[in-house]
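Novice: Got a predicted structure here, sequence first:
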Amino acid sequence: MDKYSLRTDRELVKLLNNGDYDAFSEIRRRYKSSLFTITHKRTSDLAASTVIVENILEETWNARNGISSIGELEMLLADTIKASVVKFFLIKNGLDEHLDTIKAFLIGLGAFLDENAKKNGKLCTAEIGSIHKEVVQIRTSLRLS
């Protein structure tokens, strides 16, 4: 029996963080099936799901230095699945040329929310309404609403 198969996820994450490829291989073995099931449930596309899962696992290996806990690993996997599935549908619907615009908007929105939260502790109703209108306009222009 492989020595890595006996390790806990917590131990594997610590080893992964130190660049241990065998630990990554064990994490890959443990999570790949679940990742595929989740991705396929969302896309209903076997080939795309396979590619998405491989990309998710590649991104996990590339992000290994920033993963120091099970929670961080699970958050990375969940965020990457969400982003990959959204990208899949944008490409499928011919909207992939808008990815940079959407990404820039979301980054700007995140920065705005962070800055406003620091200043005021919360967003006022008028600002929330303004953000909502902008999101609706973007969704309408991308034919996503």
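Specialist: Now that the structure is in, tell me what you want to look at. Since this is a predicted model, take the numbers as computed values, not measurements. Numbering: from 1, shown residues only.
Novice: my guess is Leu16 meets Ala23, correct?
Specialist: Yes - counting by C-beta atoms under 8 Å, Leu16 does reach Ala23; the two are 4.8 Å apart. From N, CA and C alone the C-beta is placed, and that goes for glycine too.
Novice: For these two, indicate the residue with more neighbours.
Specialist: Leu16 (25 against 20; other C-beta atoms under 10 Å).
Novice: if I pick that one, what's in contact with it?
Specialist: Ala23, Phe24, Ile27, Arg64, Ile67, Leu73 (C-beta atoms under 8 Å, 6 or more residues apart in numbering).
Novice: So which of those wins on neighbours?
Specialist: Neighbour-wise, the contacts of Leu16 (other C-beta under 10 Å) top out at Ile27, 25 neighbours.
Novice: shouldn't Gly66 be in contact with Thr60?
Specialist: No - under the criterion of C-beta under 8 Å, Gly66 makes no contact with Thr60, lying 10.3 Å away.
Novice: neighbour-wise, which of the two wins?
Specialist: Taking other C-beta under 10 Å, Gly66 and Thr60 do not tie; Thr60 has more neighbours (20 against 9).
Novice: Please tell me I have it right and that one contacts Leu76.
Specialist: Yes - shown here, Thr60 and Leu76 form a contact pair, counting by C-beta under 8 Å, at 6.3 Å.
Novice: Mutual contacts of the two, please.
Specialist: Joint contacts of Thr60 and Leu76 (C-beta under 8 Å, 6+ apart) are Ile67.
Novice: how does the protein divide into domains?
Specialist: Under the assignment automatic domain parsing, the domains of the chain span 1-92, 94-145.
Novice: Quick one: residues contacting Ala63.
Specialist: With the criterion set at C-beta under 8 Å, 6+ apart, Ala63 makes contact with Leu76.
Novice: I misspoke; the intended subject was Ile81.
Specialist: Leu35, Ile38, Thr39, Arg42, Ile52, Ile56.
Novice: what about dumping the CA coordinates of the helix or strand encompassing it to CSV?
Specialist: Taking DSSP states H and E as the definition, Ile81 sits inside helix 70-92. The C-alpha coordinates for helix 70-92 follow below in CSV (Å, rounded to 0.1, in the frame of the first residue of the first chain):
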residue,chain,number,x,y,z
ILE,A,70,-8.0,21.8,4.0
GLY,A,71,-10.3,24.8,4.0
GLU,A,72,-8.0,26.7,1.5
LEU,A,73,-7.8,23.6,-0.7
GLU,A,74,-11.6,23.2,-0.7
MET,A,75,-12.1,26.9,-1.3
LEU,A,76,-9.7,26.8,-4.3
LEU,A,77,-11.4,23.8,-5.8
ALA,A,78,-14.9,25.3,-5.3
ASP,A,79,-13.9,28.7,-6.8
THR,A,80,-12.1,27.0,-9.7
ILE,A,81,-15.1,24.8,-10.5
LYS,A,82,-17.5,27.9,-10.5
ALA,A,83,-15.2,29.9,-12.7
SER,A,84,-14.6,27.0,-15.1
VAL,A,85,-18.3,26.2,-15.4
VAL,A,86,-19.1,29.9,-16.1
LYS,A,87,-16.3,30.0,-18.7
PHE,A,88,-17.7,26.8,-20.3
PHE,A,89,-21.1,28.3,-20.7
LEU,A,90,-19.8,31.7,-22.0
ILE,A,91,-17.7,29.8,-24.6
LYS,A,92,-20.6,27.5,-25.4
